[in-house]
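> for reference, the sequence and a predicted model appear below.
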Amino acid sequence: MRHIVVAMAVGSLVVLAPCSDARVVSPPAATPVGNGPARYEIAIDAAAARGLKVWVEVDLAKRWLAGRSSFDLAVRRLGELARRRGVVGFKIADELGYRPPFRNDPARLRRFLDDSARALRAAAPGRSILVDMVVPELGCAPGIPAVASRSKSCRQAARAKYPALRLEAIDAVLASGDLDVLDLSTFLLPSATYRDWGTSDYVAQLAAWHEAERRGWEHHVLLQGRKALAHPGRYMGTQANAEHDAILFVDEPRASGAAAIDIWTWRQTYQGRVVRLMDPGNRMNELWLALAARRATGAVLFTHFSPSSLEVGLANDLDQLAKVFSDVFMAGGLG
């Protein structure tokens, strides 16, 4: 996993003392949050009590594909959760269009969003609708004359592989009015690839966000950046690694108009390993200090949280989370 040191517009860092105990200590088992659906209400209420804005996170696309009854059940549940204090919206799809069946079917993707917007605006008026999307063409350094040939080949390959994520398809999605917020991943290539092209990942990232601005996406939705920075075990990156990632994935998008940055994830089992932003036992690390510094300079940061994946316990986890994040994608128990 990659690591960050700063989160949002480049600004003065806040000096926070790192934990002096560098030993690897197994944290105590987390305190569970009850059983069944009630734990999600408990977690939402606990987050709201700490001043966090809550976005209920659900894979509504899976429900929509499963059929009307499954979809309607999920929408009713979201409507119930939306009435709780602190709930401001819903994240209804993860990397929408990146995988089948939507990847090769832009029309189907649009039908899903149309149905979801219609249903959620009726069930939970005033709540915002958000999806995150990976847009591979943006990672091809669009609009940089010095790499025009490489960029063209890259974009052709991306367009062939991801028809639903072609730039003009994203234009249509955002202009539809179905979404209020887009968490945007620019699908940057490895740094070494850009060096081989004769440029850098910093330049490519700025080019990606400039292309989004050129296309006027911010006139249709609130644009936010997005990056997975959670890591297994202890954070092993150097401060230089963290600084690189912070500038690339937080500072540059924010300087280019991103209203917030979504940092995945507080704590989750991923590919058989637990990944997290803090070190085990909610100990600070360079990544965490960087995020705290960005929050102190006014950054709006989101992360993802589930009461079924706690590090120490609901109260401690949310207390730590609220020091750095203003918004949280909260699992709603709907898949």
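Sure thing, it's come through. Numbering: from 1, shown residues only.
> count the residues that sit near residue 60.
Counted by other Cβ atoms under 10 Å, the residues lying close to residue 60 total 28. For the C-beta atoms, the positions are set from N, CA and C on the backbone; glycine is no exception.
> would you agree it is in contact with residue 92?
Yes: the pair residue 60 / residue 92 is scored as a contact, 4.0 Å apart, by Cβ atoms under 8 Å.
> overlap in contacts of those two?
With contacts defined as Cβ atoms under 8 Å, 6 or more residues apart in numbering, the residues shared by residue 60 and residue 92 are residue 116.
> what segments of the stretch 101-250 of the chain are strands?
Assigned by DSSP state E, counting those that start in this stretch, the strands in the stretch 101-250 of the chain fall at 128-134, 181-185, 222-228, 231-232.
> ranking the ones you listed by burial, who's on top?
Mean neighbours per residue, mean count of other Cβ atoms under 10 Å, is largest over the strands of the stretch 101-250 of the chain for strand 181-185, with a mean of 23.
> what lines up beside that strand in the sheet?
Strand 181-185 sits in its sheet next to strand 128-134 (parallel), strand 222-228 (parallel), going by DSSP bridges.
> who's in contact with it?
For strand 181-185, using Cβ under 8 Å, 6+ apart, the contacting residues are 89, 91, 95, 128-135, 138, 174, 212, 217, 221-227, 253, 258, 262, 302.
> of all the strands of the stretch 101-250 of the chain, which one comes closest to residue 75?
strand 128-134 (11.6 Å; Cβ to Cβ).
> what's the spacing between stretch 61-78 and its chain's center?
Taking Cα atoms, centre = their mean, to the nearest Å, one finds the center of stretch 61-78 at 22 Å from the center of the full chain.
> dump it to CSV, restricted to CA.
Only the C-alpha atoms of stretch 61-78 are listed here, as CSV (Å, rounded to 0.1, in the frame of the first residue of the first chain):
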residue,chain,number,x,y,z
ALA,A,61,-25.8,-1.5,-7.9
LYS,A,62,-25.7,-5.1,-6.7
ARG,A,63,-29.2,-4.7,-5.4
TRP,A,64,-30.4,-3.2,-8.6
LEU,A,65,-28.9,-6.0,-10.6
ALA,A,66,-30.6,-8.5,-8.3
GLY,A,67,-34.0,-7.3,-9.1
ARG,A,68,-36.8,-4.8,-8.1
SER,A,69,-37.6,-6.4,-4.7
SER,A,70,-34.0,-6.3,-3.5
PHE,A,71,-33.5,-2.8,-4.8
ASP,A,72,-36.7,-1.5,-3.2
LEU,A,73,-35.8,-3.1,0.2
ALA,A,74,-32.4,-1.4,0.2
VAL,A,75,-34.0,2.0,-0.7
ARG,A,76,-36.5,1.7,2.1
ARG,A,77,-33.7,0.9,4.6
LEU,A,78,-31.7,3.9,3.3
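> need the mean per-residue confidence for that stretch.
For stretch 61-78, mean pLDDT rounds to 97.
> okay, and residue 292 sits in which element?
helix 286-296 (DSSP states H and E).
> tell me the SS of the most centrally placed residue in the chain?
In the chain, the C-alpha nearest the mean C-alpha coordinate belongs to residue 262, at 3.5 Å (Cα atoms, centre = their mean). Secondary structure, DSSP: H, G, I helix; E, B strand; the rest coil: residue 262 is strand.
> and it, what does it touch?
132, 183, 224, 225, 226, 227, 301, 302, 303, 304, 329.
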